[in-house]
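Chemist: How does the following fold in three dimensions:
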Amino acid sequence: MNMKIEERTELMRKIKDEVVALKKSPLYGYRRESGNLPVIGEGNHSAKIMFIGEAPGRNEAKYGRPFCGAAGKILDQLLESIGIDRKEVYVTNIVKDRPPQNRDPNPEEIKIYGPFLDRQIKIIQPKIIVTLGRYAMNYIMPKFGLEFEVEPISVNHGKVFTVPSQALVEWGWKDHEIKVIPLYHPAVAVYNSHTLDQLKKDFEVLKNI
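Modeler: Residues are numbered from 1 along each chain as shown. Below you'll find the predicted structure:
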């Protein structure tokens, strides 16, 4: 299904409006109390590559932008290392509101926010989905018929998985191919600079495709 950019933008705007008013979310009250902003995502609504993390951090919730803190700087550096302009990709998270103390998102939160991510994927129709961290990997791979390929991120990082055609049919797509590439979350390099070399090596996979 080919959509005009105006239609994609309007559908994304609707998602934002719904997330802003998402009172059923256990994170809604915390957002209001903390003066945080929901983080819907940013980038090209027709991007060939879509990056998906787990949830916003402090800086992200402050400015309403994904990956704009320390981990975001590393993501920018990694994209630059393979010659990709961040404006040409789409960057988002499963959970659209910041969990308290930057804790990991829990299953209830993923269940509530996951459908918004599903809609974003359908709007963008990427060719490549890059999951950043284990939560995104564990959410996306089963969604695309790759549940039997799920292993720890330490095993799956940097591998390229082709989504089975049947899974794409279930998403309503024909003649569309998607590859899923699990990668470590850029935040790991914030706390362990040793992993930056591994991240750069994994990003080379994107360049080669």
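Chemist: what's the neighbour count on residue 110?
Modeler: Neighbour count of residue 110, defined by other CB atoms under 10 Å: 19. Bear in mind the C-beta positions are built from the backbone N, C-alpha and C, glycine included.
Chemist: cool, and the one 4 residues further on?
Modeler: Counted by other CB under 10 Å, the residues lying close to residue 114 total 15.
Chemist: what sits against the residue nearest to it when sequence neighbours are not counted?
Modeler: Once flanking residues are discounted, residue 114 sits nearest to residue 94: 6.0 Å by CB to CB, 6 or more residues apart in numbering. Counting by CB atoms under 8 Å, 6 or more residues apart in numbering, residue 94 makes contact with 52, 53, 54, 55, 105, 110, 113, 114, 117, 135, 136, 139.
Chemist: Then residue 91?
Modeler: Here residue 91 is in contact with 41, 42, 43, 50, 51, 53, 66, 67, 75 (CB under 8 Å, 6+ apart).
Chemist: what's the closest non-adjacent residue to the first one?
Modeler: If you skip the residues right next to it in sequence, residue 41 has residue 92 as its closest partner in space, 3.0 Å away by CB to CB, 6+ apart.
Chemist: how distant is the strand or helix carrying that neighbour from the center of its chain?
Modeler: Here residue 92 sits within strand 90-93, counting by DSSP states H and E. Its chain's average C-alpha position is 4 Å from that of strand 90-93, according to CA atoms, centre = their mean, to the nearest Å.
Chemist: what does the next helix or strand after it contact?
Modeler: Remark: after strand 90-93, the chain's next helix or strand is helix 107-124, criterion DSSP H and E. The contact list for helix 107-124 (CB under 8 Å, 6+ apart) reads 3, 8, 11-12, 15, 18-19, 22, 24-27, 40-41, 45-47, 50, 52, 55, 90, 92-97, 99, 105, 129, 135, 139, 143, 171-172.
Chemist: Spatially central residue in the chain, please.
Modeler: Nearest residue to the geometric centre of the chain (CA atoms, centre = their mean): residue 52, 1.1 Å.
Chemist: how about that residue, secondary structure?
Modeler: Three-state call for residue 52 (DSSP: H, G, I helix; E, B strand; the rest coil): strand.
Chemist: Which residue, neighbours along the chain excluded, lies closest to it?
Modeler: In space, and not counting its chain neighbours, residue 52 is closest to residue 136: 4.5 Å by CB to CB, 6+ apart.
Chemist: And for the one you found, the neighbour number?
Modeler: If we define neighbours as other CB under 10 Å, then residue 136 has 27 of them.
Chemist: before we move on, what about residue 157?
Modeler: Counted with other CB under 10 Å, residue 157 comes out at 23.
Chemist: Just confirm it contacts residue 182, I think it does.
Modeler: Yes. Under the criterion of CB atoms under 8 Å, residue 157 makes contact with residue 182 at 5.7 Å.
Chemist: What about residue 204? Give its phi and psi, please.
Modeler: Note on residue 204: backbone dihedrals following degrees, to the nearest 10 are phi -60, psi -30.
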